[in-house]
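Asker: no sequence for this one, just the structure:
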């Protein structure tokens, strides 16, 4: 059964001055990565979300581009108020023709999958839905520094985001709203336009980061650990006009024999990265029996492994590759190989090492029948 086409609209154009820290809070570090990275990942990985649009401040384009490397989300610029920013985002989404839209605060990085599920299910039956939490404390109106009349807390609800709507219903409500009115949230606008808004169960973990002290909560700070994986690969040598090693074409009277471009260095690198995240081996992801990989550039295999690592919350921090061969000479190409591997892994060149050795004439490598490669990759992740 197909699902309605659903867009996530992430509002990330605010300045977040109350949170301190210099950077807008959506780009501040939270336990090793920007807040916005966590928020985007929650929607990027969810099977009911078909597209993501992020509303950003024009001054934050470079910050957003850095965060967005993992997600490739679309963006547009916001306005002076939240209402204007959301309206701009909806206009930008309109050409994609989504059926539903979930509007979410970038500063809520802990939105759980089952909350997104509940909202999407609510839209299957109704026009709009918001997550709500009960009030557990006694509630009073305020008269200066004294409490005044008591308020029945059972009539109140704390509303979170994402807030979910049929796209055209919300778009029409914005188009019909009076200019200059800044609504506190989209549910308020929807109600003013006569759209009934259902309440689904919210989640206490889905907090909004607002103040500087919010970033210091112990629950956010987990131990950072490093994990390493190893890789090994061999390819035969045959006559040709050059070989690919560690992403660099080396002119020589040889060729490496393999289903793809047979880059033995990158193949070992991929296996090492997959090993570090517990994701099997290169043959499981790119079977040599599959014709689509015939002659493929091995850099595509590295891109895939890096993407898997990031989705698993792991970031490569170091790579070490040893090439075992009698020919060709590796030394003249070592710097180019380091630069290429560093680029593929998103590392500086000082975090990549390329070594070469011979077997003193022993074995298949010593006889010039093939080239072998060993690799070790280290990643960091939160425990």
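Answerer: Structure's in. What do you need? Remember, it's a predicted structure, so these values are computed and weren't measured experimentally.

Asker: if residue 315 is in a bridge, with which residues?
Answerer: residue 380 (DSSP bridges).

Asker: same question, the one 4 residues further on
Answerer: On the basis of DSSP bridges, residue 319 takes part in beta bridges with residue 352, residue 377.

Asker: is it in contact with residue 373, as I believe?
Answerer: No - counting by CB atoms under 8 Å, residue 319 does not reach residue 373; the two are 11.8 Å apart. All C-beta atoms are positioned from the backbone trio N, CA, C, and that covers glycine.

Asker: overlap in contacts, the two.
Answerer: The overlap between the contact sets of residue 319 and residue 373 (CB atoms under 8 Å, 6 or more residues apart in numbering) consists of residue 269.

Asker: which residues of the stretch 51-200 of the chain score low on pLDDT?
Answerer: Applying pLDDT under 70 to the stretch 51-200 of the chain flags no residue at all.

Asker: just the helices in it please.
Answerer: 61-67, 82-93, 113-125, 167-176, 186-192 (DSSP state H, counting those that start in this stretch).

Asker: may I see the buried residues of the longest one?
Answerer: When burial is assessed from 16 or more other CB atoms under 10 Å, helix 113-125 yields the following buried residues: 115-116, 118-120, 122-123.

Asker: which two of these have the greatest separation?
Answerer: Pairwise distances across those peak at 13.2 Å for 115 and 123 (criterion: CB to CB).

Asker: about what we covered before: including distance to residue 351, could the helices of the stretch 51-200 of the chain go into CSV?
Answerer: What follows is these, written out as CSV (distance: least, CB to CB, whole Å):
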stretch, distance to residue 351
helix 61-67, 18
helix 82-93, 37
helix 113-125, 33
helix 167-176, 44
helix 186-192, 44
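
Asker: residue 236 is nearest to which of those helices?
Answerer: helix 61-67 (41.6 Å).

Asker: so how far is that closest one from its chain's centroid?
Answerer: Centroid separation between helix 61-67 and its chain, computed with CA atoms, centre = their mean, to the nearest Å, is 12 Å.

Asker: what's in contact with that helix?
Answerer: Looking at helix 61-67 with CB under 8 Å, 6+ apart, the contacting residues turn out to be 12, 23-24, 27, 34, 36-37, 40, 54, 56, 75.

Asker: rerun at 7 Å
Answerer: 27, 34, 36-37, 54, 56, 75 (CB atoms under 7 Å, 6 or more residues apart in numbering).

Asker: domain ranges for this structure?
Answerer: Structurally, the chain divides into domains by automatic domain parsing as follows: 6-220, 224-382.

Asker: out of all of them, which strand in the chain is the longest?
Answerer: strand 224-239 (DSSP state E).

Asker: quick check: mean pLDDT across that strand?
Answerer: Strand 224-239 carries an average pLDDT of 92.

Asker: pull out the buried residues from it.
Answerer: Under 16+ other CB under 10 Å, the buried positions of strand 224-239 are 229, 231, 233-235, 237.

Asker: now those residues in TSV, with distance to residue 274?
Answerer: Converted to TSV, the buried residues of strand 224-239 look like this (distance: CB to CB, whole Å):
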residue	distance to residue 274
229	7
231	8
233	12
234	17
235	18
237	25
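
Asker: what is the nearest of those residues to residue 252?
Answerer: residue 237 (9.6 Å).

Asker: the closest one and residue 187: what is the separation?
Answerer: 66 Å (CB to CB, to the nearest Å).

Asker: and the strands in the stretch 151-300 of the chain, which stretches?
Answerer: 158-159, 163-166, 198-201, 224-239, 243-245, 248-250, 254-257 (DSSP state E, counting those that start in this stretch).

Asker: adjacent strands (with direction) for the third one?
Answerer: Strand 198-201 has these partner strands in its sheet, going by DSSP bridges: strand 128-133 (parallel).

Asker: how far off centre is the partner strand?
Answerer: 25 Å.

Asker: okay, buried residues for that strand please.
Answerer: Buried-residue list, strand 128-133, by 16+ other CB under 10 Å: 128-132.

Asker: any chance of TSV for the contacts of helix 61-67, columns distance to residue 177 and neighbour count?
Answerer: Output for the contacts of helix 61-67, formatted as TSV (distance: CB to CB, whole Å; neighbours: other CB atoms under 10 Å):
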residue	distance to residue 177	neighbour count
27	30	22
34	32	21
36	27	29
37	32	23
54	23	28
56	23	28
75	24	20
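
Asker: so which of the residues you listed sit within strands?
Answerer: 34, 54, 56, 75.

Asker: the first one and residue 25 touch, don't they?
Answerer: No - in this structure, residue 34 is not within contact of residue 25 by CB atoms under 7 Å, at 9.8 Å.

Asker: circling back to that earlier point, quick one, which of the strands of the stretch 151-300 of the chain gets closest to residue 211.
Answerer: strand 158-159 (16.8 Å).

Asker: parallel or antiparallel, list what pairs with the closest one.
Answerer: Checking strand 158-159 against DSSP bridges gives partners strand 128-133 (antiparallel).

Asker: next, the angle from the strand it pairs with to helix 167-176.
Answerer: Going by axes from the mean of the first three to the mean of the last three CA atoms, to 10 degrees, strand 128-133 is angled at 90 degrees with respect to helix 167-176.

Asker: just use 21 as the starting number from now, easier for me
Answerer: Yes, from this point I'll number from 21; that puts the last item at strand 148-153.

Asker: what's strand 148-153 in contact with?
Answerer: So strand 148-153 is contacted by 135, 139, 142-143, 177-180, 183-185, 207, 210, 215-224, 226 (CB under 7 Å, 6+ apart).

Asker: just the buried residues of these.
Answerer: 135, 139, 142-143, 179-180, 183-185, 207, 210, 215, 217, 220, 222-223, 226.

Asker: show me what contacts residue 25?
Answerer: 70, 118-119.

Asker: quick one: the buried residues of helix 133-145 as a markdown table, columns for distance to residue 273 too.
Answerer: Output for the buried residues of helix 133-145, formatted as a markdown table (distance: CB to CB, whole Å):
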| residue | distance to residue 273 |
| --- | --- |
| 135 | 61 |
| 136 | 57 |
| 138 | 64 |
| 139 | 62 |
| 140 | 60 |
| 142 | 67 |
| 143 | 64 |
